[in-house]
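In: The sequence isn't on hand, but the structure is:
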């Protein structure tokens, strides 16, 4: 579903653009270029009156060990609040799928922070907003 | 008793007291028996004695002033003895005082006696020691004498041996000496016997004398007492007379001595001497006078008588001359004889020596020559043989050349021919030289051609490769041309697409940049505040100082550690020690091997030495 | 279109083996070499980008250099698990520093919960002559590295020979990134 905009990623490989996380295709992905923490800054679509705030976010990734979910309400993507710390299992390079529930609130920006990984590089294949 | 005026003897005798007190003063002072002193000591004595008396501590008080002057003594026989004391002397002349005095004296005397006894002892010890030493000295002298005798014998033997005297001579000499010794011993014995005999005789004579005396005494005793008295009177007279005789004799001796002295003096008197000289001169002159008178008498004689006289004189003189000439001739003959004898002996001696010496030298030289010859015989022989061979071969070659040249001589070309031939030879040699140089040059050229050939072959490959690559590029280019470049539209499309892509990318990147900047700023603010907090925190500051100190200490520690490390590395002697012990083991093994291979006993010395070396080194290293 | 990879490298070793010298010489050049010993307090971070030859890839090496004593190494412990590569350094003149490498390696291994340890073993101060009998011989270092799947290098910060192992690490990192990427593509 559209609406999720990737504002910033902490690693950039031109062959694996951040948009490939939100294009719905699991075969295209974004990969980190080493070291942790890595951050993905998302802008949530603002519902225009009546639209429900998103329930959660689904993430397909590899190599992520600890994912920290932070959200911010403000007009600028600063002052994030830690929502949860999610530990993902080690799939030895295989796909990890996880659903992160977002507590209610008028969150505008979402920051996904890969605090630790299972290997040197992690990748995110799909990000899906669940309403 | 008033002290008599001491002007009699003026200053005090220095041998006695040593104090030159003016004599006059003594008179005025109260006298307390201090002879020769000034009065001062006397008063002191008196005072002290008085106090001592009063205190009752007699012994102490009195003992402190024992003065020699107390002894009543004569002053060299010039002054009388001073017995009493005038004036206030001792208050009470007590028995005890005298007793103490006596005791003192006895004590002194005892001391002196002891001292003398000690001295006697020491003297006795010394004398005994001296006797001992004398005895030892005698013994040693005897020993020295015997050793000297031995030494002389040895020297003699050595001397004989050096002069190569034959043993028979030595034996002969030995026999001679022995006989001499025996003779002398015999003489000694005889003398000894004689002495004994004489002694016996003396003893016997003395005995007889004794006997006779005894007999005479007995006889005397048998005599009548009157006669006895007479006899005794005579004896006394005899004795006195004897004494007188002795005295007179002594006087006589004395007088004669004096006479001799005087005579000697007189004799040595100058005048006497002169008188004697003059007397002698006078006598001489008298003689001369007599002679001259005789001569004059002779001249007064007639001529024939004079002639007779002269003739006899001449005859006498001739006879004397003849005699003396004979004597001279005899003496000369003797001298010649002796001289000849001496020469002969010398020559003999020299000859003998020379002969022997020469012979010995000859033998020695011959021996050496023989030995060297024998040593070098082999090599010399070989050398000679080779020499001979060489000579032979040379001879052979020479013969050959001779025959050849003879033959050639038979076929000798003319001089023109010779010239032609030499020219030809020169020409040919020139050509040869040229040919050689061209050969060398050609070889160089060949080398160069080889290298060029190789380059060309490689070049060939390179060209092929380049051709291929060019071919590929050409194909690629043609393809491109065909594909891309010909299709301008497509190219345009591609360009546009690329441009769009790039612009998108740029946008993305810009966006990313902005967001990142924002994030970074935010995070930076966070960081700065945290940093500030940290800097303000006391604990942090304390930590910082501690860390600085730690750094400092660590630095020092590091320096010290490196220093220690380098020094231990320097002083590391393990390698040297290992090398030393290895070397020592090797040496020991060699020694052991040396001993086991040789079967001689004396090698035990070196092996033990070797073992000691090992032990020593080991102990050294352990230490 | 250069791809920038980032690699975290930790310098591990006994005090005064030359870790700071290596990192400084590597990042700033030979003229930064300091012969005297200034204990590193805290953790120093040096960054240097290394271009991989014949690839449009640039690896930024983040070299974390801490002191060798236990107190300072504590600061580095959290990074044991998250580091991408390790550099084990010992001093050829000190046998102790070489023997302690084993315990260092085990500590790292324990912190990483037996995950793979990618790294190199550096024999630093190789400008010294190693023929003495108190020196670490090269074969000892090589055997140690081989047994643990690490590469062995002789380095001398004094002479500035520190590039090679770190370039090696950069290349390894780049190749592992490419591998991962390709593996993910195949998925």
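Out: Perfect, I can see it now. The structure displayed is predicted, hence computed values, not measured ones.

In: Just say helix, strand or coil for residue C:5.
Out: strand (DSSP: H, G, I helix; E, B strand; the rest coil).

In: center of chain C - which residue?
Out: In chain C, the centroid-proximal residue (Cα atoms, centre = their mean) is residue C:87; its distance is 2.0 Å.

In: just checking, it touches residue C:11?
Out: Yes: shown here, residue C:87 and residue C:11 form a contact pair, counting by Cβ atoms under 8 Å, at 5.1 Å. C-beta here means a position set from N, CA and C on the backbone, and glycine is covered the same way.

In: what touches both of the two?
Out: Listed as contacting both residue C:87 and residue C:11 by Cβ atoms under 8 Å, 6 or more residues apart in numbering or on different chains are C:19, C:22, C:63.

In: Counting only helices, which of those residues make the cut?
Out: Secondary structure assignment (DSSP state H) places C:19, C:22 from the shared contacts of residue C:87 and residue C:11 within helices.

In: need the residues of chain A near chain C, please.
Out: Within reach of chain C by Cβ under 8 Å from any Cβ of the partner chain, chain A has these residues: A:11-16, A:27, A:29, A:31, A:33-36, A:62, A:93-95, A:116, A:119-121, A:123.

In: filter the residues you listed to the buried ones?
Out: Burial by neighbour count, judged by 16 or more other Cβ atoms under 10 Å in any protein chain shown, picks out A:11-13, A:16, A:29, A:31, A:33-36, A:62, A:93, A:116, A:119-121, A:123 from these.

In: among these, which are in strands?
Out: In this view, these that belong to strands under DSSP state E are A:31, A:62, A:116, A:123.

In: Tabulate those in CSV, adding columns for distance to residue C:93.
Out: Shown next, in CSV, are those (distance: Cβ to Cβ, whole Å):
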residue, distance to residue C:93
A:31, 44
A:62, 46
A:116, 39
A:123, 46
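
In: can you list those in CSV and add pLDDT and distance to chain B?
Out: Formatted as CSV, these follow (pLDDT from 0 to 100; distance: Cβ to the nearest Cβ, whole Å):
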residue, pLDDT, distance to chain B
A:31, 90, 16
A:62, 89, 23
A:116, 87, 19
A:123, 89, 18
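
In: Tell me how far the residue nearest the centre of chain A lies from chain B.
Out: Taking Cα atoms, centre = their mean as the criterion, residue A:112 is the residue nearest the geometric centre of chain A, at 4.5 Å. Shown here: residue A:112 relative to chain B, a distance of 14 Å by Cβ to the nearest Cβ, to the nearest Å.

In: what separates that residue from residue B:592, distance-wise?
Out: For residue A:112, the distance to residue B:592 equals 87 Å [Cβ to Cβ, to the nearest Å].

In: Ok, residue B:322 next?
Out: Distance from residue B:322 to residue B:592, counting by Cβ to Cβ: 105 Å.

In: isn't residue A:75 right up against residue A:108?
Out: Yes: between residue A:75 and residue A:108 there is a contact under Cβ under 8 Å: 7.3 Å.

In: Show me what whichever helix or strand residue B:353 is part of is packed against.
Out: Applying DSSP states H and E as the criterion places residue B:353 in helix B:303-410. Applying 3 or more Cβ pairs under 8 Å, 6 or more residues apart in numbering or on different chains; DSSP states H and E, we find helix B:303-410 packed against helix B:270-300.

In: so which of the ones in strands among the buried ones among the residues of chain A next to chain C would you say is closest to residue C:83?
Out: Of all these, residue C:83 sits closest to residue A:116, with 12.2 Å by Cβ to Cβ.

In: wait, that closest one sits on residue A:36?
Out: Yes: using Cβ under 8 Å, residue A:116 makes contact with residue A:36 at a distance of 5.8 Å.

In: Can you check which residues contact both of these two?
Out: Both residue A:116 and residue A:36 are in contact with residue C:82, where contact means Cβ under 8 Å, 6+ apart.

In: show me the contacts for the residue in the stretch 451-600 of chain B that chain A sits nearest to.
Out: Across the stretch 451-600 of chain B, the shortest distance to chain A (Cβ to the nearest Cβ) belongs to residue B:515, at 4.0 Å. Contacts for residue B:515 (Cβ under 8 Å, 6+ apart) come out as A:7, A:8, A:41, A:77.

In: Any figure for the gap between whatever residue of the stretch 201-350 of chain B ends up closest to chain A and residue B:442?
Out: Of the residues in the stretch 201-350 of chain B, the one nearest chain A is residue B:350, at a distance of 124.0 Å by Cβ to the nearest Cβ. As judged by Cβ to Cβ, residue B:350 and residue B:442 stand 93 Å apart.

In: now the helices: where do they sit in chain C?
Out: Under DSSP H, chain C gives helices at C:19-28, C:70-80, C:95-111, C:138-147, C:163-186.

In: Chain A now?
Out: Assigned by DSSP H, the helices in chain A fall at A:19-22.

In: which regions of it sit below the pLDDT cut-off?
Out: Within chain A, the ranges that satisfy pLDDT under 70 run A:1-2, A:47-52.

In: At the contact with chain B, which residues of it appear?
Out: Contact residues, chain A versus chain B (Cβ under 8 Å from any Cβ): A:7, A:8, A:9, A:12, A:14, A:17, A:39, A:41, A:76, A:77, A:78.

In: hang on, the earlier thing: which one of the shared contacts of residue C:87 and residue C:11 is nearest to residue A:68?
Out: When those are compared for distance to residue A:68 (Cβ to Cβ), residue C:63 comes out closest, at 26.7 Å.

In: In contact with that closest one, which residues are there?
Out: Residue C:63 sits next to C:9, C:11, C:23, C:26, C:27, C:45, C:46, C:47, C:48, C:87, C:166 when contact means Cβ under 8 Å, 6+ apart.

In: any idea how far residue B:504 lies from residue A:17?
Out: Distance from residue B:504 to residue A:17, by Cβ to Cβ: 10 Å.

In: Please apply the same query to residue B:198.
Out: Residue B:198 is 167 Å from residue A:17, by Cβ to Cβ.

In: Which one of those two is surrounded by more residues?
Out: Under the criterion of other Cβ atoms under 10 Å in any protein chain shown, the comparison of residue B:198 against residue A:17 puts residue A:17 first, with 18 against 10.

In: Low-confidence ranges, chain B, go.
Out: Across chain B, the ranges flagged by pLDDT under 70 are B:1-93, B:413, B:484-486, B:599-623.

In: and it, which of its residues are near chain A?
Out: Residues of chain B lying near chain A by Cβ under 8 Å from any Cβ: B:505, B:508, B:511, B:512, B:515, B:516, B:518, B:519, B:522.

In: check which helix or strand covers the first one.
Out: So that's residue B:505. Assigned by DSSP H and E, residue B:505 belongs to helix B:488-536.

In: Check which element follows that helix along the chain.
Out: Using DSSP H and E, the helix or strand that follows helix B:488-536 in sequence is helix B:538-570.

In: could you give the angle of that following helix to helix B:488-536?
Out: 100 degrees (axes from the mean of the first three to the mean of the last three Cα atoms, to 10 degrees).
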